[in-house]
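K.L.:
Give the three-dimensional model of this entry:
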Amino acid sequence: MSIHSEVKRISVPQLMAYKGQKKIASLTAYIAPIARLLDESQDMILIGDSTAMVGYALPDTLSITVDQMAAHAAAVVRATQRACIIVDMPFGSYQESPAQAFQSAARLLSLSGADGVKLEGGAVMAPTTRFLVDRGVPVLAHVGLMPQYVNTMGGFKAQGLTDEAAERIFQDALAHQEAGAFGVVLEGVAEALARRITEALSIPTIGIGASPGCDGQILVTEDILGLSGDRIPKFAKRFGDAASVIRDAAAQYADSVRDGSFPTLDHCFGVKKNQG
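P.N.:
Sure, this is the predicted structure:
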């Protein structure tokens, strides 16, 4: 008799229970091959709207659509078994009203099978978080440096560096907790502020350019693999050099094609094997 043990996906309540018990490791993924490789080590995989910049070479995250995000998220869900899967709500899909946000979130989750959504915005978006959570949509809030606010923030700049700004971001995080968010991403904020928010909240904080004191960390996978070009963001660290592996393999392939060593008859169909 064989015993089959089913791999169970980490749930949103499980992530919440990690608070104070275990650091949450998280990375982004947009396609199945990457997601499959991340699944065994990550607690959470985010289909970030950074797909626009990383996957489509766009200048910012503002133009990607709900259906594009849903398609990428569906691929990640199909390729994984273990990690909790969260998908970003793209710009313009939720800011108009809580009702619009629910329609967009419902479409994202129904088309992809993801476990929850992430939305950017301060306390002004807390009622939207509440509206979604009350209707069964788990929400990961995102405060501090918010890429979808790049035009109003004047670029990708660190946030919370003054007392006034720090207090506003602190209140933003509290508002989303009170609205029912299961966690808060703290991006590009002053370290002391991120630590203060983490200590004050009863839900997990996920840092990116924030503080080692956060309950978890998230980075763009391409940044840690050396696939984002020569410039590494201050908050990121390169943990591998996949670019060299891909570049070398592609060059070897091209050389083999040009010198005739690939393909051989072993790679062709309908060829009779030599009888020995």
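K.L.:
Could you list the low-pLDDT ranges of this structure?
P.N.:
Low-confidence segments of the chain (pLDDT under 70): 1-5, 153-155, 274-276.
K.L.:
Show me where the stretch 1-150 of the chain has its strands.
P.N.:
For the stretch 1-150 of the chain, the strands defined by DSSP state E, counting those that start in this stretch occupy 24-28, 44-47, 84-88, 116-120, 139-144.
K.L.:
Run the angle between the third one and strand 116-120 for me.
P.N.:
Here strand 84-88 points in a direction 40 degrees away from that of strand 116-120 (axes from the mean of the first three to the mean of the last three Cα atoms, to 10 degrees).
K.L.:
Give the pairing partners of strand 84-88; include direction for each.
P.N.:
Partners of strand 84-88 in the sheet, by DSSP bridges, are strand 44-47 (parallel), strand 116-120 (parallel).
K.L.:
looking at those, which is closest to Ala179?
P.N.:
Taking Cβ to Cβ, strand 116-120 is the member of the strands paired with strand 84-88 nearest to Ala179, at 10.9 Å. Quick note: C-beta positions are derived from backbone N, CA and C, even for glycine.
K.L.:
closest to Ala71 out of the strands of the stretch 1-150 of the chain?
P.N.:
strand 44-47 (9.7 Å).
K.L.:
what sits up against the closest one?
P.N.:
Strand 44-47 is contacted from outside by 10, 15, 24-30, 35, 38-39, 69, 72-73, 76, 80, 83-88, 112, 114, 118, 206, 216, 218, using Cβ atoms under 8 Å, 6 or more residues apart in numbering.
K.L.:
Mind giving me the ChimeraX command for buried ones among the residues you listed?
P.N.:
For the buried members of the contacts of strand 44-47, the matching ChimeraX selection, counting by 16 or more other Cβ atoms under 10 Å, is:
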select :10,15,24,25,26,27,28,29,30,35,38,39,69,72,73,76,80,83,84,85,86,87,88,112,114,118,206,216,218
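K.L.:
quick one, which of the strands paired with strand 84-88 is nearest to Ala251?
P.N.:
For Ala251, the closest of those is strand 44-47, at 30.7 Å, according to Cβ to Cβ.
K.L.:
Mean neighbour count, the strands paired with strand 84-88: which tops it?
P.N.:
Ranked by mean neighbour count, the strands paired with strand 84-88 are led by strand 44-47 with a mean of 28 (mean count of other Cβ atoms under 10 Å).
K.L.:
can I get the CA coordinates of that strand in CSV?
P.N.:
Extracted C-alpha coordinates of strand 44-47, given in CSV (Å, rounded to 0.1, in the frame of the first residue of the first chain):
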residue,chain,number,x,y,z
MET,A,44,4.3,33.7,-0.4
ILE,A,45,4.7,34.4,-4.1
LEU,A,46,3.5,37.7,-5.4
ILE,A,47,2.4,38.4,-9.0
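K.L.:
just to revisit the earlier point, would you turn the strands of the stretch 1-150 of the chain into JSON lines with distance to Gln103?
P.N.:
Shown next, in JSON lines, are the strands of the stretch 1-150 of the chain (distance: least, Cβ to Cβ, whole Å):
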{"stretch": "strand 24-28", "distance to Gln103": "25"}
{"stretch": "strand 44-47", "distance to Gln103": "19"}
{"stretch": "strand 84-88", "distance to Gln103": "15"}
{"stretch": "strand 116-120", "distance to Gln103": "12"}
{"stretch": "strand 139-144", "distance to Gln103": "15"}
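K.L.:
Just tell me which of these ends up closest to Thr129.
P.N.:
Nearest to Thr129, of all the strands of the stretch 1-150 of the chain, is strand 139-144, at 4.8 Å by Cβ to Cβ.
K.L.:
rewinding a little: reformat the strands paired with strand 84-88 into CSV and put distance to Ile232 next to each item.
P.N.:
Listed next are the strands paired with strand 84-88 as CSV, based on distance: least, Cβ to Cβ, whole Å:
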stretch, distance to Ile232
strand 44-47, 19
strand 116-120, 23
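K.L.:
who wins for proximity to Pro263 among those strands?
P.N.:
Ranking these by distance to Pro263, with Cβ to Cβ as the measure, places strand 44-47 first at 35.8 Å.
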